[in-house]
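Sequence below, structure please.
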Amino acid sequence: MLRLASFTLASTLLMVGCAGSPPPLSAPLQSGAIERCKVSSESEIAALFERWNRSLKSGEPAQVLANYAPNSVLLPTLSNVPRLTPAAKEDYFEHFLQNRPSGKIDSRTIQIGCNSAVDVGLYTFTFAKTGAVAHARFTYTYTWDGQQWLISSHHSSLMPEK
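Next up, the predicted model:
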């Protein structure tokens, strides 16, 4: 009987311990600070493409690269080579910018998470130097670095059907 009472008491204490205060909403960071989710909106995330597009119009690869997180991945529209380093992305944009591209969103879907966002859809590029037009699919993933939104991955591919 004592054994059963001990088991019941231990079980009750275990259940009370589990039913205590709920776990924190976010995990502590290394610095001891509590992570906070950046409050955002679809319009704020949509504006990130416009920021990127303005940087293209500058003609300066460094301005375009400023939109990307250092460890970001670029799977570009007009190259079969994944761009995994800042130097590789800069190499791509040096060539891409020569034809003076400008993008226009044709359709999009935006999803927002905690310190992350995804913008996916279709866009059209026109190249002022050549007059060429490219219709492509895109996915931008963004991460909030505590100060600004940066592109963490960017995939763009030409439309398969002409």
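
how about low-confidence regions in this structure?
Counting by pLDDT under 70, the chain shows low-confidence ranges at 1-34, 162.

Show me where it has its helices.
2-18, 42-58, 61-65, 86-96 (DSSP state H).

Contacts for the shortest one next, please.
Residues outside helix 61-65 that contact it (CB atoms under 8 Å, 6 or more residues apart in numbering) are Trp52, Ser55, Leu56, Ser58, Pro86, Lys89, Glu90, Phe93, Glu94, Leu97. In this view, the C-beta of every residue, glycine as well, is placed from N, C-alpha and C.

Give the PyMOL command for selecting the buried subset of these.
This is the PyMOL syntax for the buried subset of the contacts of helix 61-65, where burial follows 16 or more other CB atoms under 10 Å:
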select buried, resi 52+55+56+86+89+93+97
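
Need the contacts of helix 61-65 in TSV (columns: distance to Trp149).
Converted to TSV, these look like this (distance: CB to CB, whole Å):
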residue	distance to Trp149
Trp52	10
Ser55	13
Leu56	17
Ser58	19
Pro86	18
Lys89	17
Glu90	20
Phe93	19
Glu94	24
Leu97	22
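
chain center to stretch 125-144: distance?
With CA atoms, centre = their mean, to the nearest Å as the basis, stretch 125-144 stands 17 Å off its chain's centre.

what's the answer for stretch 86-106, then?
Taking the mean of its C-alpha atoms, stretch 86-106 sits 18 Å from the chain's own mean (CA atoms, centre = their mean).

Kindly report the same for stretch 50-60.
Relative to the centre of its chain, stretch 50-60 is centred 18 Å away, using CA atoms, centre = their mean.

end-to-end on stretch 62-79?
19 Å (CA to CA, to the nearest Å).

Of all the residues in it, which ones are buried?
Under 16+ other CB under 10 Å, the buried positions of stretch 62-79 are Gln63, Val64, Leu65, Asn67, Tyr68, Ala69, Ser72, Val73, Leu74, Leu75, Pro76, Thr77.

out of these, what pair is the most spread apart?
Maximum pairwise distance among the buried residues of stretch 62-79 (CB to CB): 20.6 Å, between Gln63 and Leu75.

coming back round to it: which one of the buried residues of stretch 62-79 is nearest to Cys114?
For these, the nearest to Cys114 is Ala69 (16.4 Å; CB to CB).

doesn't Asp145 make contact with that closest one?
Yes. Here Ala69 reaches Asp145: they are 6.9 Å apart, a contact under CB atoms under 8 Å.

Would you indicate which residues of stretch 138-158 are buried?
Under the neighbour-count criterion of 16+ other CB under 10 Å, stretch 138-158 has 138, 140-144, 149-156 buried.
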